[in-house]
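> Let me see the structure of the following:
(chains A, B and C)
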Amino acid sequence: MDWVSDNDEKDSDNFSWDTDENDKESPANSPEKALEAGPSQPSLYSHFIGMGFHRDMVEKAIKENGEGNVETILETLLTYSAIGSNTLSEHEDVLECEDAPERNPVGCSVTSDEDFFYDDLLDSDDSLDEDFKEGLPKKDQKLLTLVDMGFSPEEAAAAIDRCGVDSSVLELADSIHAAQMAEEPDGTGWGYSRPRFEAAEGSSYCSARKKRRLMEEKRRLKRSCLSQRRGDYVKRSSMDFEDAPMVIPKPMIGFGLPYEKCITRRTLPEAAIGPPYFYYENVALAPKGVWDTISRFLYDIEPEFVDSKHFCAAARKRAYIHNLPLENRFPLLPIPAKTIQEVLPVTKRWWPKWDHRTQLNCLQTCIASAKLTDRIRMALENSSDPPTPRVQEYVLAECRKWNLVWVGHHKLAPLEPDEVEMLLGFPNNHTRGGGISRTDRYKSLGNSFQVDTVAYHLSVLKRMFPNGINLLSLFSGIGGAEVAIQKLGINLNLVVSVEKSKINRNIVRSWWEETRQKGDLIDLDDVQQLNGDRLESLIKRYGGFDLVIGGSPCNNLAGSNRHTRDGLEGQHSSLFYDYFRILDLVKCIMGQSS
DNA sequence: CTCAGTATGAATGGTAAA
DNA sequence: TTTACCATTCATACTGAG
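Presented below is the predicted three-dimensional model:
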């Protein structure tokens, strides 16, 4: 359910908006690129201001890091924000304060300590020189940075011991704060979070003008909502922030499985209650702290951890945060078989006794190469029958790693795209045709929902909306949400679908036509297009959204990413903040009109 | 340019032994 | 309680053919 590749051309939407069509900027014109082209202080300055950072912070961060390194400036700003952003409002005029939508949504109380940190950050000119630091071991560098930031050497050292020398300065600062809070029985909780900057790299092509307009819109819309919410959060006890880190329940069955005993009641925080309903999805096994952060943004709702192996023959460990009721869920029929041998009967004939797998591992975006399967074939040919334990071990490890199935004597193969479609609950040939390549099918499917799992959670909507729903679907991918809702027999009166990949948009649109949908399908290619204006006009025209659904990009969270598993702040995964931004805007706009 | 093929670990959590 | 070992994982980057 997310973004697939960067190589999709921008095309015009099928829906023509009344404004703003021409100030879409190409990535080449992004502020980021402009920076790389040559140093220009005003542009750099306004770039970060545009992201919602305070001007004093930006000035200081640029001074400290030099103009050249955007990356380190950003890191510095994030660090400042994590430590001191909550005090910002104390130093700023009201307008600016409300104007900073990217700031921590959990408005927090202010302690004198934090004031101290912030003042110190702004005023101290006596920090150690960076050249000197570079010559030191990593641990000492971090230690000095933390001391520079106003922490005591003891605190800093303890934090490095706790979190490890490879932790970011931000994490270390966070840890020290947590420790301080724990020591202080009456300490006021502070809502740790990085500022919600929309413009991590992935979204930085939003023009400054657009951003300003968006901010104006937000300021207008959010003034009342924000003050209300801040009030709510300040009331919360510091306990909320000292909770043990998120633990993934075992077995991973969420609030319950079909035809089994389920949890049917829960208490949602006031701020979480709809309309609209919302449903957010991402990988369960994200780096530490990611789900804590996501949950905190999504109104403190506890994630529902579910492994789709309970719904189909392949594992898919995912977490879902939603505000849907839990009573009277029902599954899609027919219930899919849950073993490989049942689902792929042709494999049964060749399946050796010593391969005890009955289910597949997670369906991913890449498949095993022919070379690998041939190596395995050779290994089996050259072994005895049954193969030696050593060969068995090797073969089984590769089978599990690459989800291989038996298609002949000594012959293993990856799943076909059709089979992946079937396992994920999509109609046959859902991703086939329209010029899509085989690799792209795997990629789009690997990023998708498991339809039966999602449909089970969404089934409660059927009774509530007998006349159908208006759906806002973000990071739609190949339309897992739309397919699930359609299979549940819920009419789709309106679907606003945001998906970066043109290939995926085509898939959804042809599905829309094949299933003879009566409603309106509006597809957009960029979440940034959904600003306050557009949402307001859509909501006015169609009477609001009943469900906001989406699974934001997991690229930087997924375990299989060897290169850029950067967490929630990663280039793609930071689009989560756009999910939150849009959901919050929808809530505010709909809350106002009712 | 697209497409297919290929090599490329580490973070995380579980379990059992020390 | 600590340590070691094991299994799993919505991926990225590069290459070469067409």
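> Contact partners for the nearest residue to A:K587 once chain neighbours are set aside?
Ranked by C-beta to C-beta, 6 or more residues apart in numbering and with sequence neighbours excluded, the top spatial neighbour of A:K587 is A:P276, at 6.9 Å. The C-beta positions use only the backbone N, C-alpha and C, and glycine is treated the same way. Counting by C-beta atoms under 8 Å, 6 or more residues apart in numbering, A:P276 makes contact with A:472, A:544-548, A:583, A:586-587, A:590.
> 7 Å - rerun?
By C-beta atoms under 7 Å, 6 or more residues apart in numbering, A:P276 lies in contact with A:544-548, A:586-587, A:590.
> Tell me which entries of those residues lie within strands.
A:547-548 (DSSP state E).
> Neighbour-wise, which one of the contacts of A:P276 leads?
Each of the contacts of A:P276 was scored for neighbours by other C-beta atoms under 10 Å, and A:F545 scores highest at 29 neighbours.
> Surely it touches A:V586?
Yes - assessed by C-beta atoms under 7 Å, A:F545 is found in contact with A:V586 at 5.8 Å.
> Now do the shared contacts for these two.
With C-beta under 7 Å, 6+ apart, A:F545 and A:V586 have common neighbours A:276, A:472.
> on that earlier part again, can the contacts of A:P276 go into JSON lines with extra columns for distance to DNA strand B and pLDDT?
What follows is the contacts of A:P276, written out as JSON lines (distance: C-beta to the nearest atom of the strand, whole Å; pLDDT from 0 to 100):
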{"residue": "A:G544", "distance to DNA strand B": "37", "pLDDT": "97"}
{"residue": "A:F545", "distance to DNA strand B": "33", "pLDDT": "98"}
{"residue": "A:D546", "distance to DNA strand B": "34", "pLDDT": "98"}
{"residue": "A:L547", "distance to DNA strand B": "29", "pLDDT": "98"}
{"residue": "A:V548", "distance to DNA strand B": "27", "pLDDT": "98"}
{"residue": "A:V586", "distance to DNA strand B": "31", "pLDDT": "97"}
{"residue": "A:K587", "distance to DNA strand B": "30", "pLDDT": "96"}
{"residue": "A:M590", "distance to DNA strand B": "35", "pLDDT": "95"}
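> ok, so of the contacts of A:P276, who is nearest DNA strand C?
DNA strand C lies nearest to A:V548 out of the contacts of A:P276, by C-beta to the nearest atom of the strand, at 15.2 Å.
> The closest one reaches A:V586, doesn't it?
Yes - A:V548 lies in contact with A:V586 (C-beta under 7 Å); the separation is 5.8 Å.
> anything in contact with each of those two?
Jointly contacting A:V548 and A:V586 under the rule C-beta under 7 Å, 6+ apart are A:276, A:472.
> Residue ranges in the stretch 301-450 of chain A under the pLDDT threshold?
Within the stretch 301-450 of chain A, no stretch falls below the threshold (pLDDT under 70).
> residues in contact with the one residue in it that gets nearest to DNA strand B?
In the stretch 301-450 of chain A, the residue that lies nearest DNA strand B is A:S369 (2.6 Å; C-beta to the nearest atom of the strand). With C-beta under 7 Å, 6+ apart as the criterion, no residue contacts A:S369.
> Relative to A:G559, how far out is it?
A:S369 sits 20 Å away from A:G559, going by C-beta to C-beta, to the nearest Å.
> Mind telling me what element A:R329 is part of?
Using DSSP states H and E, A:R329 sits in no helix or strand.
> Who are the contact partners of the nearest residue to it once chain neighbours are set aside?
In space, and not counting its chain neighbours, A:R329 is closest to A:S459: 5.1 Å by C-beta to C-beta, 6+ apart. By C-beta under 7 Å, 6+ apart, the contact list for A:S459 reads A:329-330, A:488.
> Can you go through the residues you listed and name the buried ones?
Among the contacts of A:S459, those classed as buried by 16 or more other C-beta atoms under 10 Å are A:329, A:488.
> which residues of the stretch 151-300 of chain A score low on pLDDT?
In the predicted model of the stretch 151-300 of chain A, residues A:151-154, A:156, A:158-244 satisfy pLDDT under 70.
> what secondary structure does A:V420 sit in?
Of the three states, A:V420 takes helix according to DSSP: H, G, I helix; E, B strand; the rest coil.
> Identify the residue nearest it in space, chain neighbours excluded?
A:V420's closest residue in space is A:L445 (C-beta to C-beta, 6+ apart), at 4.7 Å.
> What number of residues are in the vicinity of that neighbour?
A:L445 - counted by other C-beta under 10 Å - has 24 other residues nearby.
> element containing it, please.
helix A:438-446.
> and the next helix or strand after that helix, C-alpha only, in PDB?
Downstream of helix A:438-446, the first helix or strand assigned by DSSP H and E is helix A:451-458. What follows is helix A:451-458 as a C-alpha-only set of coordinates in PDB (Å, rounded to 0.1, in the frame of the first residue of the first chain):
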ATOM      1  CA  VAL A 451      -7.600  -8.200   1.800                       C
ATOM      2  CA  ASP A 452      -9.200 -10.700   4.100                       C
ATOM      3  CA  THR A 453      -7.500  -9.400   7.100                       C
ATOM      4  CA  VAL A 454      -8.400  -5.800   6.400                       C
ATOM      5  CA  ALA A 455     -11.900  -6.700   5.400                       C
ATOM      6  CA  TYR A 456     -12.500  -8.500   8.700                       C
ATOM      7  CA  HIS A 457     -11.700  -5.300  10.600                       C
ATOM      8  CA  LEU A 458     -13.700  -3.100   8.200                       C
END
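> Helix A:451-458 packs against which elements?
helix A:480-487 (3 or more C-beta pairs under 7 Å, 6 or more residues apart in numbering; DSSP states H and E).
> now the next helix or strand after the helix it packs on against helix A:480-487, angle please.
Sequence-wise, the next helix or strand downstream of helix A:480-487 (DSSP H and E) is strand A:492-498. If you take axes from the mean of the first three to the mean of the last three C-alpha atoms, to 10 degrees, strand A:492-498 sits at 170 degrees to helix A:480-487.
> Show me the contact partners of strand A:492-498.
By C-beta under 7 Å, 6+ apart, strand A:492-498 touches A:468-476, A:482, A:485-486, A:508, A:517, A:519-524, A:527, A:530, A:538, A:542.
> ok, now which ones touch A:E513?
Counting by C-beta under 7 Å, 6+ apart, A:E513 has no contacts.
> Regarding it, what is its secondary structure?
Classification of A:E513 using three-state DSSP returns helix.
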